[in-house]
Structures are given as C-alpha cells and as structure tokens.
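*Asks:* Turn this into a model:
(one chain, ligands or ions: 2)
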Amino acid sequence: MAKVSLDKSKIKFLLLEGVHQSAVDKLTAAGYTNVEYHKTALPEDELLERIKDAHFVGLRSRTQLTREVFDAAEKLIAVGCFCIGTNQVDLQAAQEKGVAVFNAPYSNTRSVAELVIAEAILLLRGIPEKNAVCHRGGWQKSAVGSFEIRGKTLGIIGYGSIGSQVSVLAESLGMKVIFSDVVTKLPLGNAEQVTQSELLSRADIVSLHVPELASTKMMIGANEIAAMKQGAILINASRGTVVDIDALAKALREERLAGAAIDVFPVEPKGPQDEFVSPLREFDNVILTPHIGGSTMEAQANIGVEVAEKLIKYSDNGTTTSSVNFPEVALSSHGNVHRLLHVHQNVPGVMSAINKVFSENNINIIGQHLQTNEKVGYVVIEVDAANSETALEKVREVEGTIRCRVLF
Ligand SMILES: NC(=O)C1=CN([C@@H]2O[C@H](COP(=O)(O)OP(=O)(O)OC[C@H]3O[C@@H](n4cnc5c(N)ncnc54)[C@H](O)[C@@H]3O)[C@@H](O)[C@H]2O)C=CC1
Ligand SMILES: O=C(O)C(=O)COP(=O)(O)O
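*Replies:* Ligands and ions are numbered 1, 2, ... in the order given. Okay, the predicted model is just below:
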C-alpha cells in the first residue's frame, strides 16, 4: 500500500527557541495537535534526536540547521524560521533534500527600526555614559558632546525592508539620510543613494542592515572604520559577522568613534546561563543588547501567526508562496481531488518522465502546476482519488525525484 496523506495528528511540529504561543494556537486551530515545544534552542545532539521524526521544525536565529541536521531529519518537509534571517539554515542542503524553508520577512522590521532610532538619539546625547555614571553615584551634567539628531546625517548600509523603514523614521525626525546598497533602490522621501565610501565619509551615524552573506562578512573592518568621520557612531543590528569587533574596540579606545550600539555578535551566548563575552563590555559609550532587535511582543505574535500560516498552507495544500529556497506555487484548497506534490532535480527529462507515467497508466491529470528554480522543480499534479496511490507509486520511481507525497 502506498504512503498517502498522514492524519494531521500524526504530523509532528518541533517548535524551538520559544516561538510565540500564537504559532501553537494557529497550528492547533488548523488541526495540528502534535506540537513539541521547547523554550530554548536545543544542544546539537538533542536536536539531532528530536528532529528525526519531525515533519516540520520551527526556530529562530540561534538554531543551526546544518547539512548534518538535514541528514538526520528524514521526515522533514519544511522549516519555519520565525524571524527574518535564514542564514542559520543551510538552504542548499534543504533544497537538495526537498525541504521548503519559510520565514517572516516583515513582521519584526518596525521593531528593529524603532530600536535603531532610539539608539541613535541616546548615543548622540551621550546617554549611555551618563546613565552609567549616575548608576555609580556620579553626576555628569554637561552639554559637551551632546547633540540633537535633527539635521545630522544617517548613513544606512543595506536599504532593504529594515534600512528603508529606518530611513522613513529618521527623516520624520529631521535627519538627512544617505544609503548604500549593492542594488539600485528607490530612495524614500529625500534619501540619497551613494557609494559605501561616500557614506562612510559623510555620515554622523552609520547603521548596518545587510543580511549575513559571504560578501557581508567583516564588511566593516579597520579600513571602513578609519574612513568614518571622527566622532561618528556605529549601529549594528544586522548580523554579528558583519563587523570586526576588535577593530571597533580599537577605534573606541582611541576615541575615533563617539559610541556604538551593537545587538548582534560573532559569538552569542546559547542561553541566559552562558556568560556574554565581548571586548565591548568595557565601554560605557556602547549600548550592548542581547540580539533583541526584533524581540517585541507585537513582532513575535505576528511572526508566530505568519510563519505558522505558511507551514499550514504548505502542509494542507502544497502552497509554497514566499518560500526562500523553493519554487513558488500558489494553490487553493483541493476539494475532492488528490494532489501529488513532487519535488525533483531541475534536469531535462523529469517532467516528460512524469507525464509518461500518467499517459501509460491511463490516469487523467485534472490540474498541473509547475514552478522551477535553478536547482529544483516543484510540480503539483491533481488526479482523482481512485488513481492517486498508483500515481504516487510510479512517480516516486522517476529518476531525479527528490521527494513526493500525496495530499487529500
Ligand atoms: N537584530 C535583530 O533582531 C534582527 C536582525 N535582522 C537582520 O537584518 C537583516 C536585514 O533585514 P531586512 O532589511 O529585512 O533584509 P532585506 O533583505 O530586506 O534587506 C537587505 C538589504 O541589504 C542589501 N545588501 C546585501 N548585501 C549588501 C552589501 N554588501 N552592501 C550593501 N547592501 C547590501 C540588499 O540588497 C538589501 O537591500 C536580516 O538579514 C537579519 O540578518 C533582522 C531582524 C531582526
Ligand atoms: O529576525 C531576525 O533575523 C533576527 O535576527 C531575530 O532573531 P530572533 O528571532 O530574535 O532570534
């Protein structure tokens, strides 16, 4: 007997890193009651064990889904990143295994942008040092080194969702915004796109909003910091790999920069039990936050709903809309027909071999939806109920098949 649609209660969702309760509620309401919930990330050996029988896994920025983890996750159908960044997932390995990856590209954008603006104001006023001095019993009442942000130049590196949101908020406070990006972007309001080197030389505050990529690794090092204005401020709420922390510490020690706000680090503690180690701890003029740029109640609740909905749609009817590593197929619910979901290598001959299965076995195709990307093809074939088992058995044998399941 061919394997067919699993009963929803048997589909296991492994949710890690305390994703918001809204995700659990959404899944439960959709009939997915087999949810294993962990408040923290799991140690690697435990992750390998727990993921073995999971069909879906939900995580945030801490859990690393490496190729080894995908090898262990034999039943995995999809990954939900309950955040923006997907650098913690080996997207290539996921694709090769036919595992679709989803994220929440906009739900915490505003939270990060608000934090950046708040930090810009606090740093230009020298508040972090003054606050630290008060806590130690001192009283540093002085206007020296304190500035309004109105009229200052904000340089945004990476003008995507967060960068452009920061741009709008900054202009509404009277700042001049310049930005750099690897692609030409529509400048919002009066913002101006410039080269990175021009940005570094003109900005009073530089804020980083690029993804973690090989090309953004250490993109702000000693040379870039040296190119910044004397007394400028650096804000990084993107990824810890983007800034050379030792070079930043040196510039702060030499008072080349007036301050910094850093939310993300090359190595972040695994949990509250681990010590946070960083050369930046010694500076009162550096705002250090524990990777909480996107951690607001609003953002987390919205992310929970958004990503859970994407996973449910993929599970219920095969929709891959907005997947970060998969061809996008948008489907409505499938009524009385059975749906074969076939993920295959995008090489010549696979589709003709699939279609041959149907013609040779006299199975009528009611509907067919195909999308491909460079590496994989995703085809959804609708057939009547009586034929789906035979079709599944035969289609699974087609050369180039990565994964195939049937929904009804
Ligand atoms: N601290 C936190 O809690 C959070 C951090 N993040 C981080 O922020 C990053 C940015 O998020 P979004 O704005 O939503 O991403 P996005 O993808 O909308 O924007 C990124 C922008 O960076 C640009 N870019 C890429 N490489 C570049 C380079 N070398 N130089 C200049 N620009 C470059 C892209 O063209 C794009 O416009 C995420 O990838 C994530 O790592 C996101 C949310 C929360
Ligand atoms: O959304 C992102 O990319 C973030 O960095 C937020 O990560 P988190 O969910 O807070 O671990």
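
*Asks:* so where is the stretch 151-300 of the chain shaky, pLDDT-wise?
*Replies:* The stretch 151-300 of the chain contains no residues with pLDDT under 70.

*Asks:* Enumerate the residues of the stretch 151-300 of the chain near ligand 2.
*Replies:* 291, 294, 295 (C-beta under 6 Å from any ligand atom). From N, CA and C alone the C-beta is placed, and that goes for glycine too.

*Asks:* how many neighbours does the second one have?
*Replies:* Right, residue 294. Per other C-beta atoms under 10 Å, the neighbour tally for residue 294 reads 25.

*Asks:* Next, work out how far apart it and residue 40 are.
*Replies:* Distance, residue 294 to residue 40, by C-beta to C-beta, to the nearest Å: 17 Å.

*Asks:* and residue 84, which of the three is it?
*Replies:* Following DSSP: H, G, I helix; E, B strand; the rest coil, the label given to residue 84 is coil.

*Asks:* How about residue 303?
*Replies:* For residue 303, the assignment made with three-state DSSP gives helix.

*Asks:* what's next to the strand or helix carrying residue 167, contact-wise?
*Replies:* Element membership for residue 167, per DSSP states H and E: helix 161-172. Helix 161-172 has contacts (C-beta atoms under 8 Å, 6 or more residues apart in numbering) with 84, 105-106, 109-110, 112-114, 116-117, 120, 149, 154, 156-157, 159, 177, 179, 181, 185, 187-191, 207, 209, 237.

*Asks:* Ok, stretch 124-138 next?
*Replies:* The contact list for stretch 124-138 (C-beta under 8 Å, 6+ apart) reads 122, 139-140, 145-149, 152, 204-205, 233, 258-259, 284-287.

*Asks:* Pretty sure residue 271 sits against residue 39.
*Replies:* No - with contact defined as C-beta atoms under 8 Å, residue 271 does not reach residue 39; the gap is 9.5 Å.

*Asks:* center of this structure, which residue is that?
*Replies:* residue 85 (2.1 Å; C-alpha atoms, centre = their mean).

*Asks:* just the residues of this protein that are near ligand 1, which are they?
*Replies:* 84-85, 105, 108-109, 112, 157-163, 180-183, 209-213, 215-216, 219, 237-239, 263-264, 291, 293-294.

*Asks:* hang on, the earlier thing: just the buried members of the contacts of stretch 124-138?
*Replies:* 122, 147, 149, 152, 204, 205, 233, 258, 259, 285, 286, 287 (16 or more other C-beta atoms under 10 Å).

*Asks:* export these to JSON lines and tack on secondary structure?
*Replies:* Supplementary listing: those in JSON lines, determined by three-state DSSP:
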{"residue": "122", "secondary structure": "helix"}
{"residue": "147", "secondary structure": "coil"}
{"residue": "149", "secondary structure": "coil"}
{"residue": "152", "secondary structure": "coil"}
{"residue": "204", "secondary structure": "coil"}
{"residue": "205", "secondary structure": "strand"}
{"residue": "233", "secondary structure": "strand"}
{"residue": "258", "secondary structure": "strand"}
{"residue": "259", "secondary structure": "strand"}
{"residue": "285", "secondary structure": "coil"}
{"residue": "286", "secondary structure": "strand"}
{"residue": "287", "secondary structure": "strand"}
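
*Asks:* quick one: the helices in the stretch 51-200 of the chain?
*Replies:* For the stretch 51-200 of the chain, the helices defined by DSSP state H, counting those that start in this stretch occupy 67-72, 91-96, 109-124, 127-135, 161-172, 196-202.

*Asks:* Now the second one: buried residues?
*Replies:* Of the residues in helix 91-96, 91, 93, 94, 95, 96 count as buried by neighbour count, 16+ other C-beta under 10 Å.

*Asks:* neighbours of residue 38, just the number please.
*Replies:* 18.

*Asks:* Hmm, residue 15 and it touching each other?
*Replies:* Yes - using C-beta under 8 Å as the test, residue 38 is close enough to residue 15 to be in contact (6.9 Å).

*Asks:* tell me the domain ranges of the protein?
*Replies:* 6-103+296-326, 109-288, 328-407 (the TED database).

*Asks:* any idea how far residue 381 lies from residue 364?
*Replies:* Taking C-beta to C-beta, one finds residue 381 at 11 Å from residue 364.

*Asks:* who's more crowded, those two?
*Replies:* Counted by other C-beta under 10 Å, residue 381 and residue 364 do not tie: residue 381 has more neighbours, with 27 against 10.

*Asks:* does the more buried one sit in a helix, a strand or a coil?
*Replies:* Look at residue 381: counting by three-state DSSP, its state is strand.

*Asks:* That one reaches residue 340, doesn't it?
*Replies:* Yes - the criterion here is C-beta under 8 Å, and residue 381 meets it with residue 340 at 4.5 Å.

*Asks:* So for these two, which residues contact both of them?
*Replies:* 391, 395.

*Asks:* sorry, back to before: ok, of the residues of the chain next to ligand 1, which come out buried?
*Replies:* For the residues of the chain next to ligand 1, buried by 16+ other C-beta under 10 Å: 84-85, 105, 108-109, 112, 157-163, 180-181, 209-210, 212, 216, 219, 237-239, 263-264, 291, 293-294.

*Asks:* This completes my enquiry, with thanks.
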